[in-house]
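[1] Can you look at this prediction? I've put the sequence above it.
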Amino acid sequence: MIISNSQLAEFEAAMDNLRRVKLAAREYWLAKLGLSEAQIHIVLSLHYGDCRTTSELAKVLGVSASAATQTTDTLARRGLITRTADPADRRVSRLSLTPAGEQLTTSIIDQRRRYFMEIMAELTPDEIASVIKALNVLGRITTDQYQQAAERKS
């Protein structure tokens, strides 16, 4: 498929708009919650079960194990997560959300949904359907590319 320069420019502009929406939402959540982006990512990852150990978090966040440990230490000090020794391997600590961490996560999810509803209220049903379809396609493409890059590194 041949992509024209004008199509590329429109795509870049649309992606910049999407980035600005994401940044605005991130800034809102960071200011409101007093947490870093990595901390928010961790509590959400634990909530959704994406990872349960510091090494798994490091992979998800794309950071070193020591950086993930420092961030989880901060969350533990704030009473949002706990560590328990893995019975199968005592060198591994299992991470889980405390009740306060679950409450915070519920708040993050609720706030995100309200923010998205405000945005969607400005769109027509056809525009909403188009945005959802486009984001799903972009998500599929980037996930495929990420998996292929990870396989090449292995």
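    Nice, thanks for sending it over.

[2] Going by C-alpha atoms from here, please, whenever you check contacts or count neighbours.
    OK.

[3] so where's this protein uncertain?
    By pLDDT under 70, the low-scoring segments of the chain are 150, 154.

[4] I'd like to know how far Gln7 sits from Ala14.
    10 Å (C-alpha to C-alpha, to the nearest Å).

[5] err, Cys51, not the other one
    Taking C-alpha to C-alpha, one finds Cys51 at 32 Å from Ala14.

[6] which residue is nearest the middle of this structure?
    When the chain is reduced to its mean C-alpha position, the nearest residue by C-alpha atoms, centre = their mean turns out to be His41, at 5.0 Å.

[7] Phi, psi for the spatially closest residue to it that is not a sequence neighbour please.
    What sits nearest to His41 in space, not counting adjacent residues and going by C-alpha to C-alpha, 6 or more residues apart in numbering, is Leu61, at 7.8 Å. The phi/psi pair for Leu61 (degrees, to the nearest 10) reads phi -80, psi -20.

[8] If we go by neighbour counts, what in the helix or strand containing Lys32 is buried?
    In this assignment (DSSP states H and E), Lys32 forms part of helix 5-33. Neighbour counts using 16 or more other C-alpha atoms under 10 Å place 26, 29 of helix 5-33 among the buried residues.

[9] what's the longest strand seen in the chain in contact with?
    Assignment by DSSP state E gives strand 89-97 as the longest strand of the chain. Outside of strand 89-97, the residues within contact range by C-alpha atoms under 8 Å, 6 or more residues apart in numbering are 43, 46-47, 52-54, 80-86.

[10] after the helix holding Lys32, next one along is what?
    As assigned by DSSP H and E, the chain's next helix or strand after helix 5-33 is helix 37-48.

[11] what's the angle between that following helix and strand 89-97?
    Orientation check (axes from the mean of the first three to the mean of the last three C-alpha atoms, to 10 degrees): helix 37-48 against strand 89-97 gives 100 degrees.
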